[in-house]
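>>> Quick one, what's the 3D model for this:
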Amino acid sequence: PRELLLSPGEVPDEDRRLFYVAMTRAQDALIISTAPRINTRKVGISPFITDLREKCGIYECNCTSVSRCLTREWSEEPLRINFSALFTYEECPFRYMLIYHYGFVYPETFMQRYGIILHRCLEELHLAMKNSEEINGALIRRIVERCWIPMGRDDDVKKRRLERDLLNYYHDSRDHTEEVISVEEPFSIPDDDIIIEGRTDLIIRTRDGGLELVDFKAREHGGVERMALEYQLRTYEYALRGRYRFDSLSAYAIKDSMRISFDSDPEFRVKERIAETVARIRDECFEPRKNPFCSRCVFRTFCGVGD
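Now for the predicted structure:
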C-alpha cells in the first residue's frame with residue numbers, strides 16, 4: 001500500500017531500496033537476470049543495472065539455462081547480543097523479541113538518556129583517577145559539558161545536579177579506592193551459536209587490598225531491583241573469570257551515593273541460569289511476562305499482560 005512506503009510518492013526510491021537489499025543477500029556471486037517480456041509487455045533492462053555498470057565490476061553472459069545447483073549446508077553467523085539484551089529477556093521475553101529479534105525502535109526515555117550521559121562522565125572521571133589527575137569541581141564541570149546530550153528544558157539545572165552527584169561520588173569513593181584497575185573493559189561469553197558481549201563500568205583495588213567489580217546505576221538505590229542487580233553482577237563476574245578473581249561485587253547508585261555489595265561466587269553458579277536463558281532465546285521462546293516495568297513499557301498495549 002502506498003501509505004506504507006518509506007517515501008510516499010517516490011516509488012522508484014522504494015524499488016531501489018528493495019533492489020539493494022536483495023543484492024546484499026548474495027554470498028559468493030550475484031547474478032542479475034532480465035526477461036524480454038513480462039506477460040505480453042516488452043520490458044528492458046532495469047535502470048538500477050545500468051547504474052551498477054558504472055560503479056561495479058559486472059559483466060554480461062549469455063546463460064540461458066541452469067544445469068544444476070550445488071547444495072551446501074546453511075550456516076548462520078553467531079547471534080551476538082549484549083548483556084542489556086540478556087537482562088531484557090529475563091525481564092520480559094516478548095519485549096526482548098520486539099527490540100532485539102525484530103529491531104523495533106522506540107522513543108528514548110529520560111532515564112535512558114541520562115544514563116548514557118552519566119556513564120560517559122564516569123568513564124572520563126575514572127580515567128582521570130587512573131591517571132592520578134587532580135579531581136576537583138572545575139574538572140568535573142568540564143567533563144559534564146563534554147559529555148552532555150541536550151535533555152530539553154532546564155538543561156543547566158540538570159547539569160549542576162549531575163556535577164554535584166559526581167563530586168559527591170568522588171568524595172565518597174576516594175577513601176574506599178586504592179587503585180583504578182580497569183575502566184570500561186570489554187568481555188564476552190561465547191556459547192556455540194550465541195555470543196554475549198558487554199563492558200564493565202569499573203574494576204578497582206580497595207583500601208583493604210580486595211579486588212572489586214563496580215557497576216553504576218542512574219536511579220536511587222530504592223529504584224534498583226536487588227535480585228536483577230545480583231544476577232547482572234554475577235554474570236559479569238562469570239564472564240571475567242579468566243582474567244580476575246573478585247573479592248566483592250558492587251553496584252553504586254549515583255543519585256543517593258549508596259553502595260550495594262555482594263560476595264563473590266567462585267563456583268559461578270550463575271552459569272546455569274545463563275545457559276537456560278540462552279537456550280530459550282535460541283528456541284525463540286518469546287512469551288510476555290508480567291513485571292514491575294509493565295506500566296512504563298511502550299509495548300504494553302500489544303502483549304495482553306501489561307494492562
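>>> Any stretches of this structure with poor pLDDT?
For the chain, residues meeting the criterion pLDDT under 70 lie at 1-13, 54-55, 57-59, 64, 72, 74-76, 220-225, 227, 306-307.
>>> just the strands in it please.
37-38, 41-42, 79-82, 177-183, 186-191, 194-199, 202-206, 211-217, 248-253, 258-263 (DSSP state E).
>>> who wins for proximity to Phe94 among the ones you listed?
Proximity to Phe94, assessed across these by Cβ to Cβ, is greatest for strand 79-82 (16.0 Å). Every residue, glycine included, has its C-beta placed from N, CA and C.
>>> Let's see the closest one as CSV, backbone CA atoms only.
Taking Å, rounded to 0.1, in the frame of the first residue of the first chain, the C-alpha atoms of strand 79-82 are listed here in CSV:
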residue,chain,number,x,y,z
LEU,A,79,23.9,-14.4,17.2
ARG,A,80,25.6,-11.5,19.1
ILE,A,81,23.7,-9.9,21.9
ASN,A,82,24.8,-7.6,24.7
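>>> May I see the buried residues of that strand?
Applying a neighbour-count criterion of 16 or more other Cβ atoms under 10 Å, one finds Leu79, Ile81 buried in strand 79-82.
>>> Neighbouring strands - and their directions - for it?
Using DSSP bridges, the strands paired with strand 79-82 are strand 194-199 (parallel).
>>> If Arg41 is in a bridge, with which residues?
Ile38.
>>> what about it, how many neighbours?
Arg41 has 6 neighbours, counted by other Cβ atoms under 10 Å.
>>> how about Glu185, what does it touch?
When the contact criterion is Cβ atoms under 8 Å, 6 or more residues apart in numbering, the partners of Glu185 are Arg199, Thr200, Ile203, Leu240.
>>> you'd agree the first one is up against Phe187?
Yes - in this structure, Arg199 sits in contact with Phe187. The criterion is Cβ atoms under 8 Å, and the distance is 7.2 Å.
>>> Give me the contact list for the longest helix anywhere in the chain.
Looking across the chain with DSSP state H, the single longest helix is helix 110-130. Defining contact as Cβ under 8 Å, 6+ apart, one finds that helix 110-130 is touched by 135, 139-140, 143-144, 146-149, 151, 158, 162, 166, 170, 177, 180, 183-184, 201-202, 216, 218-219, 254.
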